[in-house]
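Chemist: got a predicted structure plus its sequence, pasted below:
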Amino acid sequence: MPASLVISAPASGVGKTTLTLALARAWRHRGLSVQCFKSGPDYIDPAFHAAATGRASVNVDSWAMDHNTIGHLVSRGADADVVLAEGSMGLFDGVAARGVSGTGATADIAEMLGWPVVLVIDPSGQAQTAAAIAAGLRDYRAGVRLGGVVLNRIASARHEDLVRRALNEAGIKVFGALPRHAEISLPKRHLGLVQAEEQAEIGKLIDEAARFVAEHVDLDAVLHSAGKWSPQAANGLNVTPPGQRIALARDAAFSFVYPHMLEAWRAAGAEIVPFSPLADEAPDASADVCWLPGGYPELHAGKIAANARFRSGVRAFAETRPVHGECGGYMVLGAGLTDAEGVRHEMTGLLGLETSFAKRRMHLGYRLAELAAAMPGHQRGARLRGHEFHYSTILAQPDTPLAVVHDATGAVIAETGSRRGHATGTFFHLIAEDR
């Protein structure tokens, strides 16, 4: 049975991703097979997990997924020696209203699977108070078990001693303490971490993080604190692919798609045919649907606008077959995209959407959409769960709304998505359909 742990923290930005990658690579260097998961809707971290472990990582999300779906997804770790689930935000942070099986909090996954939690604590500007925070997290929810903590960004030996003493008095194990070491920090971008495929040196970064963590953290003690998890039987994902042969935009501008969705499409018998809009490629003419995921089209808007073969190819495809875009893909299906410098770039024009990054406005959160019309893979009336995260301002959304969209509190939002002819688009990235 795999040794299983959840890596969490009191808040975002404390070092969860770096510790997860470092532990995974350090144990892999010891000859152990490691399977990672990401709790929550972040679609970037799984690619870093795969780089660290050599095994595909997927998201598990208690707001959007039921117990069976989560059980099926984590069952891929059954043959691993170690299973690590990286949390999002703080341990208990989720939305106010419960979703399918929880609020989206990391604690939901820890309790549901019975995996102990390793907390990453950053006691910068603190000493004994760090122990009070850890003890509060330990005692907040009876079904969540704390295995111990790793201290990050320790200022000095005296600082470490003060924090360790307080944690020991609170009965909390300290697995190690990491001094400040900026070299292992992963690059940031406006949506969080830079994508793994953009980092030519990602292997070296992870190796350095693994070396550093192995030097300062008792890896054996962390493993000893892990739970022994035996996966329960679960049915496969109940997902209808958007088509039998799917032309999927896939490059640096179009890379935000949940790995479990692609796997579910393939498992249902669909064939995925990738193409690169940035390389001026058109969707495969033999495909029966075209799907443009999200990504960073605003960073490549000039090139997309100049790639006539791609734009004309997508327009020709949409004359007879469905084309769907998510978030960045939706923007590219629109009429125009204005970049951060205020320059407008002509997009494909399949929809009338106009977006701008000249004035950044964050759109972030879970979305529940009831389709007013069919879209690829889903019938009218279907209830789709997803997540929206972008900084664009909507200048115009003139087409027929695709759905009535609510946020996690149940409030109706303006980002309805659009439909025109065979083209559809949404601002949210699809995670699951309510069945």
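Modeler: Yes, it's here.

Chemist: wait, His390 touches Phe427, no?
Modeler: Yes. Checked against CB atoms under 8 Å, the pair His390 and Phe427 is within contact range at 6.8 Å. Backbone N, C-alpha and C define where each C-beta goes, glycine included.

Chemist: pull up the overlap in contacts between the two.
Modeler: 327, 363 (CB atoms under 8 Å, 6 or more residues apart in numbering).

Chemist: the two: who's more crowded?
Modeler: Phe427 (31 against 27; other CB atoms under 10 Å).

Chemist: from what I see, that one and Phe389 are in contact.
Modeler: No. Under the criterion of CB under 8 Å, Phe427 makes no contact with Phe389, lying 9.2 Å away.

Chemist: please parse the chain into its domains.
Modeler: 3-228, 245-433 (automatic domain parsing).

Chemist: centre of the chain to the shortest one, how far?
Modeler: The reference is to domain 245-433. Put simply, domain 245-433 sits 17 Å off its chain's centre (CA atoms, centre = their mean, to the nearest Å).

Chemist: same check, this time on stretch 207-226
Modeler: Distance, stretch centre to chain centre, for stretch 207-226: 24 Å (CA atoms, centre = their mean).

Chemist: how about residues contacting that stretch?
Modeler: Outside stretch 207-226, the residues that touch it by CB under 8 Å, 6+ apart are 3-5, 18-19, 21-23, 25-27, 29-30, 82, 115-116, 118, 147-148, 150, 173, 175-179, 181, 183-184.

Chemist: where exactly do the helices run in the stretch 1-150 of the chain?
Modeler: All helices of the stretch 1-150 of the chain, identified by DSSP state H, counting those that start in this stretch, fall at 16-29, 45-53, 67-74, 106-113, 128-139.

Chemist: overlap in contacts of Phe427 and Phe389?
Modeler: With CB under 8 Å, 6+ apart as the test, Phe427 and Phe389 both reach 327, 363.

Chemist: for the stretch 101-250 of the chain, which segments count as strands?
Modeler: 117-121, 146-154, 174-179, 188-189, 192-193, 227-228, 245-249 (DSSP state E, counting those that start in this stretch).

Chemist: which other helices and strands does the third one contact?
Modeler: If you count contacts as 3 or more CB pairs under 8 Å, 6 or more residues apart in numbering; DSSP states H and E, strand 174-179 packs onto strand 146-154, helix 157-169, helix 202-216, helix 219-225.

Chemist: below-threshold pLDDT in the stretch 301-435 of the chain: ranges please.
Modeler: The model of the stretch 301-435 of the chain has no residue with pLDDT under 70.

Chemist: what about the strands in it?
Modeler: 323-326, 336-338, 344-346, 354-356, 363-371, 383-390, 393-396, 400-401, 403-406, 418-420, 423-426, 429-433.

Chemist: hang on, the earlier thing: make TSV from the helices and strands packed on strand 174-179 and add mean pLDDT, distance to Arg361 and mean neighbour count to it.
Modeler: Shown next, in TSV, are the helices and strands packed on strand 174-179 (pLDDT from 0 to 100; distance: least, CB to CB, whole Å; neighbours: other CB atoms under 10 Å):
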stretch	mean pLDDT	distance to Arg361	mean neighbour count
strand 146-154	97	32	23
helix 157-169	97	39	16
helix 202-216	92	31	19
helix 219-225	98	41	17
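
Chemist: rebuild the ones you listed as a markdown table, extending it with distance to Leu333.
Modeler: Putting those into a markdown table (distance: least, CB to CB, whole Å) gives the following:
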| stretch | distance to Leu333 |
| --- | --- |
| strand 146-154 | 42 |
| helix 157-169 | 52 |
| helix 202-216 | 31 |
| helix 219-225 | 46 |
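
Chemist: would you mind telling me which of the ones you listed is nearest Ala411?
Modeler: strand 146-154 (34.6 Å; CB to CB).

Chemist: and the closest one, C-alpha only, in CSV?
Modeler: Output of strand 146-154 as CSV, limited to C-alpha atoms (Å, rounded to 0.1, in the frame of the first residue of the first chain):
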residue,chain,number,x,y,z
LEU,A,146,-1.8,16.4,11.1
GLY,A,147,1.4,14.4,10.5
GLY,A,148,3.8,17.2,11.2
VAL,A,149,5.3,20.4,9.8
VAL,A,150,8.2,21.6,7.7
LEU,A,151,9.4,25.1,8.5
ASN,A,152,10.2,27.3,5.6
ARG,A,153,12.2,30.6,5.2
ILE,A,154,13.9,30.3,8.7
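
Chemist: picking that back up, can I get the domains of the chain in a markdown table with distance to Gly236?
Modeler: Shown next, in a markdown table, are these (distance: least, CB to CB, whole Å):
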| stretch | distance to Gly236 |
| --- | --- |
| domain 3-228 | 6 |
| domain 245-433 | 6 |
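
Chemist: so how far is the first residue of stretch 397-405 from its last?
Modeler: By CA to CA, to the nearest Å, the extent of stretch 397-405 from end to end equals 14 Å.

Chemist: then stretch 76-89?
Modeler: 24 Å.

Chemist: over to stretch 40-49?
Modeler: Start-to-end, stretch 40-49 (CA to CA) is 14 Å.

Chemist: this completes my enquiry, with thanks.
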